[in-house]
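1. I'll drop the sequence and a predicted model, then ask my questions.
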Amino acid sequence: MDSEVRFNVHPQDYADETWHGNGATTIRQMVFGVNDGLVATVGLVAGLIFAGSSKNIVLGATLAAIIAAVSSMALGSYLSTQAEVGYQRAQIRREQREIDEQPEEELREMRQIYRGYGLDEPEIEIFLSHFKRDKRLWLQLMLRDELGLLPEAFESPWKNAGLMAMAVAAGSLPPLVPVLWSSSPRGAFGWVLALSAMTAFGLGAVTARSTGRRWWRAGLSFLMVAAIAAAIGMGAGHLIAPLFS
């Protein structure tokens, strides 16, 4: 069975259902990346400022950390997605092999599934008679109904890596911009916090359109989570910095 198997029927192919698709993947990548970049950078900038670092050190160290974070998170997203898709394709090959080698066992499983849907025996037998004639359809429905797999919806490792890289970079820059504009890192610290808070709130407000939540509630939720994580990072920086000063 080809590991790139595709089926003809999938919701995203319906012309009048354009809202279907992999939007959840994009939202997950963007939220995870922006939040990770934002919180990590706020904690790093705060730690460097508390340690009395110069502007050049704050900028240089933070830019290096951002580059490392973007590369690491993008690579991690690529590898994790690749592993997930590889596992899913192995499931397809295994299911195809079971249909070819153990058809009666697979038919028994489908009977159990459709009984659970409330179909009676004559209706189930009609379905199964179609499966026997069309093993491609049989495999498709086994994947969907038994394993919950839709090959057409498998995620792209390269796309996820690109989204993650852009998201981490977008989340990392706001805490750094005030330091870039200011002559004194300590003088810019208030702006670092303010711009980071606005970014977190804005991220939550934007995602509210896709989740159906009220924009201000989603914004406050994201702001609260980011603030807690950033506070932990800043607290750690404040406690650790004197050890190396």
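-> Thanks, I have it. Residues are numbered from 1 along each chain as shown.

2. from here on, contacts and neighbour counts on C-alpha atoms
-> OK.

3. and residue 129, how far is that from residue 155?
-> Using CA to CA, to the nearest Å, residue 129 is found at 33 Å from residue 155.

4. the more surrounded of those two?
-> residue 155 (16 against 11; other CA atoms under 10 Å).

5. list the contacts for residue 201?
-> Under the criterion of CA atoms under 8 Å, 6 or more residues apart in numbering, the contact list for residue 201 reads 218-223.

6. Give me the buried entries from the residues you listed.
-> 218-223 (16 or more other CA atoms under 10 Å).

7. Sort out which one of those lies nearest residue 178 for me.
-> residue 223 (19.0 Å; CA to CA).

8. average model confidence for stretch 222-241?
-> The predicted model gives stretch 222-241 an average pLDDT of 78.

9. Can you show me the CA trace of that stretch as PDB?
-> C-alpha atoms of stretch 222-241 as PDB (Å, rounded to 0.1, in the frame of the first residue of the first chain):
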ATOM      1  CA  PHE A 222      -3.900  34.700  27.300                       C
ATOM      2  CA  LEU A 223      -2.600  37.700  29.200                       C
ATOM      3  CA  MET A 224      -3.000  36.000  32.500                       C
ATOM      4  CA  VAL A 225      -1.200  32.800  31.400                       C
ATOM      5  CA  ALA A 226       1.600  34.800  29.800                       C
ATOM      6  CA  ALA A 227       2.000  37.000  32.900                       C
ATOM      7  CA  ILE A 228       2.300  34.000  35.200                       C
ATOM      8  CA  ALA A 229       4.900  32.400  33.000                       C
ATOM      9  CA  ALA A 230       6.800  35.600  32.600                       C
ATOM     10  CA  ALA A 231       6.700  36.300  36.300                       C
ATOM     11  CA  ILE A 232       8.300  33.000  37.000                       C
ATOM     12  CA  GLY A 233      11.000  33.700  34.400                       C
ATOM     13  CA  MET A 234      11.600  37.200  35.800                       C
ATOM     14  CA  GLY A 235      11.700  35.900  39.300                       C
ATOM     15  CA  ALA A 236      14.200  33.300  38.400                       C
ATOM     16  CA  GLY A 237      16.300  35.900  36.700                       C
ATOM     17  CA  HIS A 238      16.100  38.300  39.600                       C
ATOM     18  CA  LEU A 239      17.200  35.500  42.000                       C
ATOM     19  CA  ILE A 240      19.900  34.000  39.800                       C
ATOM     20  CA  ALA A 241      21.400  37.200  38.400                       C
END
